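Enquirer: Turn this into a model:
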Amino acid sequence: MTKKHSARPLTESAVALALGGIMWWAFSPMPGIGPYFKYISASLIAIVGARHGLRWSLVTAAALNALVGFTFGPGELLNCLFLVTPIALMLPARQRTGRDVEGGEGEADASGRTHGVSGARWWAMLLATYAIAYPARLGVMGMLMGVEISAIVRSMASASYQAFERFWTLAHLPADIAVSGAVEWMWIILPLIGVGYGFMLYLVNRPAYRGGLMILKRTRLG
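Expert: Below is the predicted model of the structure:
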């Protein structure tokens with residue numbers, strides 16, 4: 001193995017870490033939906049994993065979590081750890097078709113497929129992971145804040161009610177009933193929200209992931 005090839009995983013991991021840090025720094029202060037764009041940093045880690053294996057994606061993910069934690073504090077660290085890291089590590093594990101290979105995601109075997117977890121099984125794993133990760137994120141947040149998770153859910157439900165107050169008013173559902181209902185059913189609602197996050201994170205990271213691999217394959221870095 002040449003020095004160029006032996007240095008490539010470290011170089012690409014460092015570039016992915018730098019770009020990921022820039023995305024968190026640039027998008028976190030933005031209003032509205034702006035902060036959600038920082039979650040696309042997962043695609044950078046996934047690219048490293050697809051090209052150099054799980055070990056390098058784990059190293060890159062750990063470094064990004066450390067950078068986010070030191071720079072933005074424990075709240076953003078929890079977002080990076082429980083929301084960004086799972087999809088970043090799982091994207092390269094999805095079984096890829098010949099079309100994906102043309103996009104730069106690996107070498108196909110004789111059947112036109114590369115190794116990985118099949119689509120239905122992969123989706124089940126992804127959504128189950130986020131159904132657990134999202135409540136876990138709130139649980140850790142509650143421990144750090146010294147409050148019960150129900151108090152966090154109550155605060156979130158109250159904020160959500162105010163944001164969509166007109167809708168709830170038309171539905172003739174008072175605020176106290178809506179908030180108390182959210183707290184009562186939180187162990188069903190929170191996993192469902194986690195599933196929604198998992199689906200959303202896949203949709204926003206998949207194009208960047210495939211596009212990044214394609215670009216690298218068509219340049220001298222590939």
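
Enquirer: Now do the SS call for residue 29.
Expert: Recorded secondary structure, residue 29: coil (DSSP: H, G, I helix; E, B strand; the rest coil).

Enquirer: Enumerate every residue touching it.
Expert: Residues counted as contacts of residue 29 (CB atoms under 8 Å, 6 or more residues apart in numbering) are residue 35. The way it works is simple: take the backbone N, C-alpha and C, and place the C-beta from them, glycine included.

Enquirer: and with 10 Å instead?
Expert: When contacts are counted by CB atoms under 10 Å, 6 or more residues apart in numbering, residue 29 touches 35, 72.

Enquirer: how close does it sit to residue 64?
Expert: 18 Å (CB to CB, to the nearest Å).

Enquirer: do the same with residue 131
Expert: Residue 131 sits 23 Å away from residue 64, taking CB to CB as the criterion.

Enquirer: Same check on residue 138?
Expert: Distance from residue 138 to residue 64, by CB to CB: 21 Å.

Enquirer: Where does the closest residue to residue 149 other than its chain neighbours sit: helix, strand or coil?
Expert: Of all residues not flanking residue 149 in the chain, residue 142 sits nearest, at 4.5 Å (CB to CB, 6 or more residues apart in numbering). What three-state DSSP gives for residue 142 is helix.

Enquirer: Spit out the contact partners of residue 142.
Expert: 148, 149, 150, 151, 152, 153.

Enquirer: And for residue 148?
Expert: So residue 148 contacts 139, 142, 154, 183 (CB under 10 Å, 6+ apart).

Enquirer: Report the contact partners of residue 161.
Expert: 167, 168, 169, 173, 174, 175, 176, 177, 178, 179, 182.

Enquirer: so what's the spatially most central residue of the chain scoring on pLDDT?
Expert: Centroid check for the chain by CA atoms, centre = their mean gives residue 84 as the closest residue, at 2.8 Å. At residue 84, the predicted lDDT confidence score is 97.

Enquirer: Got phi/psi on it?
Expert: Phi and psi for residue 84, reported as degrees, to the nearest 10, are phi -80, psi -50.

Enquirer: what about the closest residue to it other than its chain neighbours, which helix or strand?
Expert: Nearest non-adjacent residue to residue 84, counting by CB to CB, 6+ apart: residue 42, 4.6 Å away. Assigned by DSSP states H and E, residue 42 belongs to helix 41-52.
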